[in-house]
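Q: Have a look; sequence and predicted model below, questions after that.
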Amino acid sequence: MCGIAGYIGKNQAAPIILDGLSRLEYRGYDSAGIAVFDGERIRMAKAAGRLSVLKELTDNGRALPGCCGIGHTRWATHGRPCDENAHPHMNRENTIAVVHNGIIENYRKLREKLERKGYVFSSETDTEVLAHMLTEYYRGDPVEAIEKVLHRVEGSYALGILFLDHPHHIYAARRDSPLVVGVSGEEKFIASDVPALLEHTRTVYYMENEEIATLSAGNIRFYSLDGELLSKKPVTVEWDISAAQKGGYAHFMLKEIHEQPSALRDTIFPRLKDRRIDLDDLGLSEEKIRRLRRISIVACGSAYHAAVVGKYVLEALARIPVETDLASEYRYRCPICEPDSLVIIVSQSGETADSLAALRDAKARGSRILAIVNVVGSSIAREADCVFYTGAGPEISVATTKAYSCQLAAFYMLAAEFARVRGAIGADRFCGLLAALKRLPAQVRELLGCQEKIQFLANRYLAADHIFFMGRGIDYAISLEGSLKLKEISYIHSEAYAAGELKHGTISLIEEQTPVVAVATSDRLYPKTLSNIVEVKTRGAMVLALTTPGHEDLARTADYVLFVPETEPLFMGSLSIIPLQLFAYYVSLGRGLDVDKPRNLAKSVTVE
Ligand code: M6R
């Protein structure tokens, strides 16, 4: 959701900024723009549509010479996607240029005030107020003007700012929207996310909330909103550039699906120590784990679907009551946070606005917060009491795959260790779980071999208008994720139902040739789900079923059957999701859609 890239150094800024923006395309956007100081003035170009339009407009940046500039990809919130609303926004004198990620919530009031003072607006955006406010407060010192403005705005921001009076500087600031500063000798960068910098540097400073940064070729300074000079240490990013490239795959999504075995290994193996699961870094002592009376898991989208699996596994193994909540609901429902309860926030990006707000709400009510997060140093990771980092590496495709898989693995490990510590399972059962965890990466690799068969099946569903997914227990939780995966990248309307719930309304939608994907991997629930499959078949549905060896009889009922290998029943979701991810991928591909950047979606949802 909106991307910022900025550069100052000895090279031409525009091509570097455009390249940085292209590495942020995955965040989702509908227009793009760039501003560069050319030695005399700040020159700007912006255009609605894909980055390619801006690249053409600026001759790949060559038309905007200069070594200091800022760029932006905009995901429209206030004002439709068009040239005028694209960032940067400048004041009337063209002496200040601003790019912004976030929402200025009190912009209407600020705009009215500025208009009364004679400022003329040329866009419908909330961001433009910042350019005019900076003009209003600027008396020669950019940091002072930025402080004054930011004390008056409500909402969230990551900002890149140029002042014509200070041509060899970039100014940056953040509150609740991510921003990193990169350093490579005399070259300095700002970006919304690390992949935009990896080509140039792995040395970064993560900006904290309410910090201002000034970047020049010579140095970087950080200030608080009260003008106090701050001392910050750079961090070396572990990811390398190959992680943010397609590496020969047609799409990031396909690459990331194939990275799941190694992502799982990187998440699981570092924690397997001396026949236990090492959670020491989480600061959850055995005493605290024993005292736990309730767990609330809060997340959005696929991370929420991982939470639903987490609930089944935690309750089954550790025998702790677990509730799951969508973060956008949790934050407004006055949840009850009892002593000895734990709130788990799950997020790939660690920047999802609703999840971050839920975290803050739960913390304010006195809960202890454990975050399951993929992006190191992200807002959720920083604000949680403890973090279980997933080892997925950078995930670029909007549709999450490997991060989701790693979230499942994180829940398995929490559940198994909590169960061991609380004495809810015996040593043999615990050893069995460890063995199953160790086998998972190889089993996922084996399943990826069914890619061609899935492509063949997916091609039969290209013309579908609606698809229903169904399953029971963990199979239902996986159906939720399979259905979301499909709808977000294929634009086919899709719903997931607990198979037993179909009869309570939804079955009226089943008619001749209605596509149904049935997940039936649970031995215990198989007869029940089979009955539900028969019920939809009787009404004409075309059924693609997923099951485990031993249920060959399903071929007599379903139109197509896919077999997934067996594992520990509570971990089955890690295997059954693989064909569903590939299914969604190939349906999207077959329909000729933009798999990695589906319409209207953003990778990191940093606004409410
Ligand atoms: O970064 P997060 O895990 O907090 O993101 C949550 C959702 O926005 C995300 O999972 C979304 O549903 C994905 N696009 C699904 O593929």
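A: Yes, it's here.

Q: so who does the closest residue to the ligand within the stretch 201-350 of the chain touch?
A: Residue nearest to the ligand within the stretch 201-350 of the chain (CB to the nearest ligand atom): residue 301, separated by 1.9 Å. Backbone N, C-alpha and C define where each C-beta goes, glycine included. Neighbouring residues of residue 301 by CB atoms under 8 Å, 6 or more residues apart in numbering: 400, 484, 605.

Q: Which elements pack onto the helix or strand encompassing residue 34?
A: According to DSSP states H and E, residue 34 maps onto strand 31-37. Contacts defined by 3 or more CB pairs under 8 Å, 6 or more residues apart in numbering; DSSP states H and E place strand 31-37 against helix 13-22, strand 42-48, helix 51-57, strand 68-74, strand 96-101.

Q: For that strand, what is the distance to the chain centroid?
A: Relative to its chain's centre, strand 31-37 lies at 25 Å (CA atoms, centre = their mean, to the nearest Å).

Q: so of the helices and strands packed on strand 31-37, which one's packed in deepest?
A: Among the helices and strands packed on strand 31-37, strand 68-74 has the highest mean neighbour count (mean count of other CB atoms under 10 Å), at a mean of 30.

Q: I'd like to know which elements that strand is packed against.
A: strand 3-8, helix 13-22, strand 31-37, strand 96-101, strand 157-163.

Q: Can you check which of those gets nearest to residue 598?
A: strand 3-8 (16.4 Å; CB to CB).

Q: Let me see the mean pLDDT of that closest one.
A: Averaged over strand 3-8, pLDDT sits at 96.

Q: same check, this time on stretch 480-489
A: pLDDT averaged over stretch 480-489 gives 97.

Q: mind listing what's buried in that stretch?
A: 480, 481, 482, 483, 484, 485, 486, 487, 488, 489 (16 or more other CB atoms under 10 Å).

Q: hang on, the earlier thing: out of the contacts of residue 301, which comes closest to residue 207?
A: After measuring those against residue 207 - CB to CB - the closest member comes out as residue 605, at 19.5 Å.

Q: Identify the nearest residue to that closest one in space, disregarding sequence-adjacent positions?
A: Nearest-residue entry for residue 605: residue 352, 5.2 Å, with adjacent residues in sequence omitted and distances by CB to CB, 6 or more residues apart in numbering.

Q: Same check on residue 304?
A: Nearest to residue 304 is residue 326, by CB to CB, 6+ apart, at 5.6 Å.

Q: can I assume that neighbour is in contact with residue 303?
A: No - in this structure, residue 326 is not within contact of residue 303 by CB atoms under 8 Å, at 10.0 Å.

Q: who touches the strand or helix carrying residue 452?
A: Per DSSP H and E, residue 452 falls inside helix 451-458. Helix 451-458 has contacts (CB under 8 Å, 6+ apart) with 544, 560, 562, 579, 582, 583, 585, 586, 587, 589, 590.

Q: Let me know the closest of the residues you listed to residue 277.
A: Distances from residue 277 to these, taken by CB to CB, are shortest for residue 579, at 28.0 Å.

Q: show me the contacts for the nearest residue to residue 224 once chain neighbours are set aside.
A: Nearest non-adjacent residue to residue 224, counting by CB to CB, 6+ apart: residue 230, 6.0 Å away. Counting by CB under 8 Å, 6+ apart, residue 230 touches 211, 222, 223, 224.

Q: Mind listing the residues bridging to residue 230?
A: Note on residue 230: beta-bridge partners by DSSP bridges are residue 222.

Q: oh, and call the first residue 426 from now on, that's how I've got it
A: Got it, the first residue is 426 from now on, which makes the last one we talked about residue 655.

Q: Next one, pLDDT for it please.
A: For residue 655, pLDDT reads 95.

Q: And the one 4 residues further on, by the same measure?
A: pLDDT recorded at residue 659 is 92.

Q: quick one: contacts for it?
A: 608, 628, 629, 630.

Q: now for the residues you listed, which pair is the farthest apart?
A: Longest span within those, CB to CB: 628 and 630, 8.3 Å.

Q: neighbour count winner among the two?
A: The neighbour count for residue 628 versus residue 630, taken as other CB atoms under 10 Å, is higher for residue 630 (21 against 15).

Q: Give the closest residue to the more buried one in space, chain neighbours not counted.
A: residue 606 (4.4 Å).

Q: tell me what the host helix or strand of that neighbour is packed against?
A: Assigned by DSSP H and E, residue 606 falls within strand 605-609. For strand 605-609, the helices and strands in contact under the criterion 3+ CB pairs under 8 Å, 6+ apart are strand 612-616, strand 628-631.

Q: Quick check: which ranges of the stretch 426-575 of the chain have low pLDDT?
A: Along the stretch 426-575 of the chain, the parts satisfying pLDDT under 70 run over 426.

Q: From the contacts of residue 726, pick out the ones that also neighbour the ligand.
A: 825, 909, 1030 (CB under 6 Å from any ligand atom).

Q: would a markdown table of the helices and strands packed on strand 456-462 with distance to residue 788 be doable?
A: Below are the helices and strands packed on strand 456-462 laid out as a markdown table (distance: least, CB to CB, whole Å):
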| stretch | distance to residue 788 |
| --- | --- |
| helix 438-447 | 34 |
| strand 467-473 | 39 |
| helix 476-482 | 38 |
| strand 493-499 | 32 |
| strand 521-526 | 24 |
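
Q: Throw these into TSV and include distance to the ligand, thanks.
A: Compiled in TSV, the helices and strands packed on strand 456-462 are given as follows (distance: least, CB to the nearest ligand atom, whole Å):
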stretch	distance to the ligand
helix 438-447	20
strand 467-473	23
helix 476-482	20
strand 493-499	17
strand 521-526	15
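
Q: do you know which of these lies nearest residue 810?
A: So among these, strand 521-526 is nearest, using CB to CB, at 26.9 Å.

Q: Parallel or antiparallel, list what pairs with that closest one.
A: Strand pairing for strand 521-526, using DSSP bridges, gives strand 514-515 (antiparallel), strand 582-588 (antiparallel).

Q: Mind listing residues that contact the helix or strand following the longest one?
A: What that stands for is strand 582-588. Using DSSP H and E, the helix or strand that follows strand 582-588 in sequence is strand 595-600. Strand 595-600 is contacted from outside by 431-433, 493, 495, 527, 567-568, 571, 575, 580-588, 604, 606, 613, 615, 632-641, using CB under 8 Å, 6+ apart.

Q: re earlier: next, the angle from the strand holding residue 606 to strand 582-588.
A: 50 degrees (axes from the mean of the first three to the mean of the last three CA atoms, to 10 degrees).

Q: What about the contacts of helix 876-883, which are in helices?
A: 1004, 1007, 1008, 1010, 1011, 1012, 1014, 1015 (DSSP state H).

Q: In CSV: the residues you listed, plus pLDDT.
A: Formatted as CSV, these follow (pLDDT from 0 to 100):
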residue, pLDDT
1004, 97
1007, 97
1008, 97
1010, 97
1011, 96
1012, 96
1014, 94
1015, 94
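
Q: and the ones next to the ligand among the contacts of residue 726, which of them are in helices?
A: Those of those lying in helices (DSSP H): residue 909.

Q: how long is stretch 543-563 end to end?
A: 16 Å (CA to CA, to the nearest Å).

Q: Check stretch 607-618 too.
A: Using CA to CA, one end of stretch 607-618 lies 10 Å from the other.

Q: What about residue 801, how many residues nearby?
A: If you count neighbours by other CB under 10 Å, residue 801 ends up with 16.

Q: how about it, secondary structure?
A: Secondary structure, DSSP: H, G, I helix; E, B strand; the rest coil: residue 801 is coil.

Q: show me the contacts for residue 845.
A: Contacts of residue 845 by CB under 8 Å, 6+ apart are 701, 702, 855.

Q: Buried subset of these, written for ChimeraX?
A: This is how ChimeraX selects the buried members of those, with burial counted by 16+ other CB under 10 Å:
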select :702,855
